[in-house]
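Undergrad: dropping a prediction and its sequence here:
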Amino acid sequence: MSGDDEFEPRLGKLKAAGGRARTYLSRVLGAAMLASGGRFGRTPGRRVFTGARIGRGAGVAAALAAGDPRAGLRGRRVVIKVSAPRLAGKGLAAARAHLRYVQRDGVMRDGSPGQLYGPETNRADGRAFLDRAQAGGDVRQFRFIVSAEDGAEYDDLKDLTRRLMRQAETDLGTGLDWVAVDHHNTGHPHTHILVRGRDDRGRDLIIARDYLTRGLRERAQDLVSLDLGPVTDREIAARLSRETQVERLTSLDRGLLAAVDDEGLVSPRHADPLQYAARAGRLQVLARLGLAREAAPTTWRLADGLEETLRRMGERGDIQKMLYRALVEADVDRAVDARVVFEPRAPHQRPLVGRLLRRGLADEIRDRHFLVIDGVDGRAHYVDIGRGAATDAIPEDAVVRVAPRSLEPRPADHGVAQVAAAHDGRYSLDLHLAHDPAATAGFAQAHLRRLEALRRGGAGVERGEDGTWIIPADHLERAAAFERKKALDAPVVVEVLSALSLDRQATALGPTWLDRELLAEAPEPLRDAGFGRAARQALAQRRQWLLQQDLAEQEGDRTLFRAGMLRRLEAMERAAVAHGIAADTGLAYAPAQHGDRVEGILRRRLDLNGGPTALVEKSREFTLVPWRPVLEGREGQVVTGVVRGASISWSFGRTRGPSLA
């Protein structure tokens, strides 16, 4: 071609409608979606594209899946749990918290803290590992928990871990940057492995899902089998026999679910006679549990939701074991029928009040924690509190109150919606005060803090450049969805009623839970068993102590408490604490009264029986005032506040500006 007909083609990405580029992968996924009728995942009798083989290690995983049908039975069992959390946003801070957690005290055989190690060293630097991830812009981090069924046979798990990671590098075709720590504090020794989300060329590390879920486990099982020898046929038969009887999800159940045909039927038929016999026996057990029925000779129909039902049955069994161990450790005896699970969404579920016996970890990979509480009803309760960071540390023997987290919009959400409805979908501090003249600035600022939390949680509210907020018409529905999402991580709200044990409360200065119960119009019903009985005895001791302190008087069979008893107790405790601080520092104590202006350097928080208290210091004197959440992290800064009854409005630094209540 020559002249005006000459042109040079410029190849680029294909464009979708609207000019937006579509990657090749997105086109493949779209075509797969259409071909599968909108169904991703496994459909009985029909193979669909799931993306499980995209990434490094897919071919290895496929090769390992084929072979001897009894190879998986003959190999030593290894359980591997995998997660790949993102490091963007708060993910890096969460990764640092996770690293501290896996190195906590008491995880080694001698009770010492966990020690990180790496490919070449027995003492790895966790901070440097995360700094490399931050500097490299890692999108995600891979976390593995490797637990060999026969892990107790190893004197040291480091060599096994290093060989496994070298094999993974060969399978994935790249070097890996990783650290690990071994845990020996459970019945099954296991290893936590953290892997950076970058390959050895600095690119995103994308590992095929098949390799993560199957390939790595097969490699670990091969290594353990090589070390300890293969499992004999007799051991295989015994293992399968045990699996047929347990009330939890097993490998037999997974095999049956995978073999369901287009009509929803399954047969125990299998090429391996041992597997055939085990499947037939398992189907009989499932039938007794009401989870399967025989549709025809050797043909069965499994119950809907079988996998989830068996998973929940297994979790129930695990919970009862954890509950029993916690009671043994706390030297508390409760009958089997007095060990229950707190169900926050059960109909008419009342808040639970009792003393904290133990806090434990139910699931390390998902960071799910639990409390064991000795309730006033005389029963021991297992309480799932969700992610560990959602609930602050609580001392053992503290009296706590556990309530289901509300899934409804908060009062602040209704207030914002009302103001926005009257002002074309907009909200601001000035609009709120104009809409409700009775509202205070501190009350309206609480609404602003709520909006900021909703914005960060992606609830659809936006803040304009002029400081006003744009509120969607379905604000209340979005707020409710935000609360439901939070409930996944924190299904309950745990309130510390007293950090002191009952014995210490009986003679403690300052208002206690016992005092509030003595004054309550509707005190907690105390059963004459367990913690309920102990609370009854402590209440009697506290009543006698109050009589000795002239805070109550006896009138026949009745005990009359002095007016303002709680305030007098709080003043007694504060005076005693102030006396000790004055003796240690040489500063004079200046009590703060209603309307007083408090100014000075915030030194620290004091956890008193009357509530958290702030120590504010001036050049020659100090004062004690109520602590508020806005003071968190401001120790050492200049603060200014005005006392208003039991509360205080704060401002910070030496600049003028709005106060924070």
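TA: Noted; the coordinates are in hand. Residues are numbered from 1 along each chain as shown.
Undergrad: dihedrals phi and psi, the residue nearest the centre of the chain?
TA: Nearest residue to the geometric centre of the chain (CA atoms, centre = their mean): residue 387, 1.0 Å. The phi/psi pair for residue 387 (degrees, to the nearest 10) reads phi -70, psi 140.
Undergrad: hang on, it packs against residue 363?
TA: No. In this structure residue 387 lies outside contact range of residue 363 using CB atoms under 8 Å: 10.2 Å. Every residue, glycine included, has its C-beta placed from N, CA and C.
Undergrad: need the strands for the stretch 151-300 of the chain, in chain order.
TA: In the stretch 151-300 of the chain, the segments counted as strands under DSSP state E, counting those that start in this stretch are 178-183, 190-196, 265-266, 292-296, 299-302.
Undergrad: helix or strand next in line after the last one, which one?
TA: Later in the chain than strand 299-302, the nearest helix or strand by DSSP states H and E is helix 306-329.
Undergrad: about what we covered before: now the strands of the stretch 151-300 of the chain as CSV including mean pLDDT, distance to residue 60 and mean neighbour count?
TA: Output for these, formatted as CSV (pLDDT from 0 to 100; distance: least, CB to CB, whole Å; neighbours: other CB atoms under 10 Å):
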stretch, mean pLDDT, distance to residue 60, mean neighbour count
strand 178-183, 94, 18, 23
strand 190-196, 94, 16, 22
strand 265-266, 92, 30, 19
strand 292-296, 91, 35, 13
strand 299-302, 93, 32, 18
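Undergrad: could those strands go into a markdown table alongside distance to residue 642?
TA: Shown next, in a markdown table, are those (distance: least, CB to CB, whole Å):
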| stretch | distance to residue 642 |
| --- | --- |
| strand 178-183 | 50 |
| strand 190-196 | 49 |
| strand 265-266 | 73 |
| strand 292-296 | 70 |
| strand 299-302 | 68 |
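Undergrad: what's the closest of these to residue 397?
TA: Closest of these to residue 397 is strand 178-183, at 26.7 Å (criterion: CB to CB).
Undergrad: let me see the contact set for residue 481.
TA: By CB atoms under 8 Å, 6 or more residues apart in numbering, residue 481 lies in contact with residue 459.
Undergrad: can you give me phi and psi for it?
TA: phi -60, psi -40.
Undergrad: I'd like the numbering to begin with 112 instead of 1 from here.
TA: I'll keep to 112 as the first residue from here, and by that count the last item is residue 592.
Undergrad: which helix or strand in this protein has the lowest average pLDDT?
TA: helix 182-185 (a mean of 57; mean pLDDT, DSSP states H and E).
Undergrad: run through the neighbouring helices and strands of the next helix or strand after that one.
TA: Using DSSP H and E, the helix or strand that follows helix 182-185 towards the C-terminus is strand 189-194. Secondary-structure packing of strand 189-194 (3 or more CB pairs under 8 Å, 6 or more residues apart in numbering; DSSP states H and E): strand 252-259, helix 327-339.
Undergrad: please save the CA atoms from the last one in PDB.
TA: As requested, the backbone C-alpha atoms of helix 327-339 are provided in PDB (Å, rounded to 0.1, in the frame of the first residue of the first chain):
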ATOM      1  CA  LEU A 327      -0.600 -28.100  49.100                       C
ATOM      2  CA  ARG A 328      -2.400 -30.600  51.300                       C
ATOM      3  CA  GLU A 329      -1.400 -33.500  49.100                       C
ATOM      4  CA  ARG A 330       2.200 -32.300  49.200                       C
ATOM      5  CA  ALA A 331       2.200 -32.100  53.000                       C
ATOM      6  CA  GLN A 332       0.600 -35.500  53.300                       C
ATOM      7  CA  ASP A 333       3.300 -37.000  51.000                       C
ATOM      8  CA  LEU A 334       6.000 -35.500  53.200                       C
ATOM      9  CA  VAL A 335       4.500 -36.700  56.500                       C
ATOM     10  CA  SER A 336       3.900 -40.200  54.900                       C
ATOM     11  CA  LEU A 337       7.500 -40.200  53.800                       C
ATOM     12  CA  ASP A 338       8.700 -39.400  57.400                       C
ATOM     13  CA  LEU A 339       6.300 -41.700  59.300                       C
END
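Undergrad: quick one: average confidence on that helix?
TA: In this model, helix 327-339 has a mean pLDDT of 91.
Undergrad: list the buried residues of it.
TA: Within helix 327-339, the residues scored as buried using 16 or more other CB atoms under 10 Å are 327-336.
Undergrad: counting contacts, what elements does that helix pack onto?
TA: By 3+ CB pairs under 8 Å, 6+ apart, helix 327-339 packs against helix 169-176, strand 189-194, strand 252-259, helix 269-283.
Undergrad: swap in 7 Å and give it another go.
TA: Packed against helix 327-339, as judged by 3 or more CB pairs under 7 Å, 6 or more residues apart in numbering; DSSP states H and E, are the following elements: strand 189-194, helix 269-283.
Undergrad: and the shortest one, which strands flank it?
TA: With DSSP bridges as the test, strand 189-194 is paired with strand 252-259 (antiparallel).
Undergrad: go ahead and confirm residue 562 touches residue 527.
TA: Yes. Counting by CB atoms under 7 Å, residue 527 is a contact partner of residue 562 at 6.5 Å.
Undergrad: looking at the two, which one has more neighbours?
TA: When residue 562 and residue 527 are compared for neighbours, residue 527 comes out ahead with 26 against 23, by other CB atoms under 10 Å.
Undergrad: of the helices and strands packed on helix 327-339, which is nearest residue 171?
TA: helix 269-283 (4.4 Å).
Undergrad: the closest one vs strand 252-259, what angle?
TA: 130 degrees (axes from the mean of the first three to the mean of the last three CA atoms, to 10 degrees).
Undergrad: direction-wise, compare helix 269-283 with strand 301-307 and give the angle.
TA: 40 degrees.
Undergrad: so which bits of helix 269-283 are buried?
TA: For helix 269-283, using 16+ other CB under 10 Å, the buried residues are 269, 271-273, 275-276, 278-280, 282-283.
Undergrad: ok, and the closest non-adjacent residue to the residue nearest to the centre of the chain?
TA: Distances taken as CB to CB, 6 or more residues apart in numbering place residue 600 nearest to residue 498, at 4.6 Å, with adjacent residues excluded.
Undergrad: now residue 327
TA: residue 191 (5.7 Å).
Undergrad: now do the same contact list for that neighbour.
TA: Applying CB atoms under 7 Å, 6 or more residues apart in numbering, we find residue 191 in contact with 255-257, 327-328, 331.
Undergrad: what's across from residue 754 in the sheet?
TA: residue 759.
Undergrad: residues contacting it?
TA: Contacts for residue 754 (CB under 7 Å, 6+ apart) come out as 703-707, 709, 736.
Undergrad: relative to residue 737, how far out is it?
TA: 9 Å (CB to CB, to the nearest Å).
Undergrad: in stretch 665-685, what's buried?
TA: For stretch 665-685, the neighbour count (16+ other CB under 10 Å) marks 672, 676-677, 680-681, 683-685 as buried.
Undergrad: neighbouring contacts of stretch 639-652?
TA: If you take CB under 7 Å, 6+ apart as the criterion, stretch 639-652 is touched by 445, 465-466, 485-490, 613, 616-617, 625, 628-629, 637.
Undergrad: what's the most distant pair in the residues you listed?
TA: Longest span within the contacts of stretch 639-652, CB to CB: 445 and 629, 27.0 Å.
Undergrad: re earlier: so can I have a markdown table of the helices and strands packed on strand 189-194 showing distance to residue 380?
TA: Shown next, in a markdown table, are those (distance: least, CB to CB, whole Å):
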| stretch | distance to residue 380 |
| --- | --- |
| strand 252-259 | 32 |
| helix 327-339 | 24 |
